[in-house]
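Participant: sequence and predicted structure are below.
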Amino acid sequence: MAFRREKYVPAGGPSGGDGGQGADVVLEADSNLQTLLDFKYKRLFAGDDGRRGGPNRCTGASGPPLVIKVPCGTEVRHMSTGIVLGDLTTPGERLTVAFGGRGGLGNAHYLSNRNRAPEKFTEGRDGEEWPLQLELKLLAEVGIIGLPNAGKSTLISVLSAARPKIADYPFTTLIPNLGVVRRPTGDGTVFADIPGLIAGAAQGAGLGHDFLRHIERTRLLIHLVDGGAEDPLLDLRVVEKELEAYGHGLVERPRILVINKQELIQEEDLDAIISALTDASGRTPLLISAAMSRGLNQMLDRVWSELGI
């Protein structure tokens, strides 16, 4: 609250300025970041306060937005309610997660014909305060799924420059592997090897929940079945059941069924395996050998066709 007091101005009137707005808290997707590790060490972020108003109707400065960089693919949830506030997938995309407080009003704001010398003013309001959960999900157009030892890591290593650890025992892959596969148009498409799918994965068995959520972002799934397994049909049904149990629209997601390890299948058993998988899935499987680089071009042609490339 202030009044103008100036020489030779007998009725200066009210001159108290309004306060500035508090700073908004904004998340911005940054393609240079790969993890959310920075938030392990700093978890509390607060925008600056707005500056108070001054005499001579001077409005206080508003606080500059507090911009917090996060990696692309970050999903923002309200921690208490679980409501998704936003999904930052594009570099430079911004999401305001907390609005700054409203500035107070000086007594000059209340000047009227009835009240020529108001002594009324209002204080500023506090800004928003929210507990948020940030979750980083992989951004890949094509996800490769299947039981352990189906040959997912071998396939992605052959198709791209990715070099995942490969061994002849289950659960070699403990983290999703990303590889860029060159399109016919010259640019790249990101493939992701999604490990850890076993019976009960949708309920959290094994590494299920750690990796199933990464499939949610993929446009296309390559379901890899081990042709040398004891029962390829059972392997198919296990993965299909987990996709259905997990939900999130994975069952409706476009999928390509691929039989891997062609070299391990007996010639007399091949037709029976293909027929059984076709009847069970409603899809005609492709036959490849990732280790021997057979049938890969045919599979990629199907991938580009499904993606509309």
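Facilitator: Nice, thanks for sending it over.
Participant: need the three-state assignment for L95.
Facilitator: With DSSP: H, G, I helix; E, B strand; the rest coil as the basis, L95 sits in strand.
Participant: lowest average confidence, helix or strand, in this protein?
Facilitator: The weakest-scoring helix or strand in the chain, judged by mean pLDDT, DSSP states H and E, is helix 208-215 (a mean of 61).
Participant: after that one, next one along is what?
Facilitator: strand 220-226 (DSSP states H and E).
Participant: elements contacting that next one?
Facilitator: The contact analysis (3 or more CB pairs under 8 Å, 6 or more residues apart in numbering; DSSP states H and E) places strand 220-226 against strand 142-145, helix 152-159, helix 232-246, strand 255-260, helix 296-307. Every C-beta, even on glycine, is put in place using the N, C-alpha and C of the backbone.
Participant: what strands line up against the shortest one, and which way round?
Facilitator: In other words, strand 142-145. strand 188-193 (parallel), strand 220-226 (parallel) (DSSP bridges).
Participant: got the angle between the first one and helix 152-159?
Facilitator: When you say that, I think you mean strand 188-193. Orientation check (axes from the mean of the first three to the mean of the last three CA atoms, to 10 degrees): strand 188-193 against helix 152-159 gives 160 degrees.
Participant: and what of the last one?
Facilitator: Interaxial angle, strand 220-226 versus helix 152-159 (the same axes, to 10 degrees): 120 degrees.
Participant: which residues are contacting strand 220-226?
Facilitator: With CB atoms under 8 Å, 6 or more residues apart in numbering as the test, strand 220-226 has contacts from 141-147, 149-152, 155, 215, 232, 235-236, 239-240, 250, 253-261, 277, 285, 299, 303, 306-307.
Participant: let's go with 7 Å and repeat that
Facilitator: 141-147, 149-152, 155, 215, 232, 235-236, 239, 253-261, 277, 303, 306-307 (CB atoms under 7 Å, 6 or more residues apart in numbering).
Participant: whichever of the residues you listed end up buried, select them in PyMOL.
Facilitator: Buried members of the contacts of strand 220-226, defined by 16 or more other CB atoms under 10 Å, are picked up in PyMOL with:
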select buried, resi 141+142+143+144+145+146+147+149+150+151+152+155+215+232+235+236+239+255+256+257+258+259+260+261+277+303+306
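Participant: list the buried residues of stretch 286-297.
Facilitator: Neighbour-count burial for stretch 286-297 flags L286, L287, I288, S289, A290, A291, G295, L296 (criterion: 16+ other CB under 10 Å).
Participant: scratch that, stretch 224-240 is what I was asking about
Facilitator: 224-229, 232-233, 235-236, 238-240.
Participant: what does stretch 117-136 give?
Facilitator: Here stretch 117-136 shows P118, F121, G124, G127, L132, L134, L136 as buried, counting by 16+ other CB under 10 Å.
Participant: please apply the same query to stretch 110-117.
Facilitator: Buried, per 16+ other CB under 10 Å, within stretch 110-117: Y110, L111.
Participant: compute the first-to-last residue distance for that stretch.
Facilitator: 9 Å (CA to CA, to the nearest Å).
Participant: and for it, what's in contact with it?
Facilitator: For stretch 110-117, contacts defined as CB under 7 Å, 6+ apart pick out G13, P14, P118, K120.
Participant: okay, domains of this structure per the record?
Facilitator: Domain ranges of the chain: 25-136, 142-307, per automatic domain parsing.
Participant: low-confidence ranges in this structure?
Facilitator: Counting by pLDDT under 70, the chain contains low-confidence residues at 139, 162, 164-175, 196-214, 248, 309.
Participant: tell me which residue lies farthest from the centre of it.
Facilitator: Relative to the C-alpha centroid of the chain, counting by CA atoms, centre = their mean, Y8 is the outermost residue, at 65.1 Å.
Participant: which stretches in the stretch 51-200 of the chain count as strands?
Facilitator: 66-71, 74-78, 84-88, 94-98, 132-136, 142-145, 177-182, 188-193 (DSSP state E, counting those that start in this stretch).
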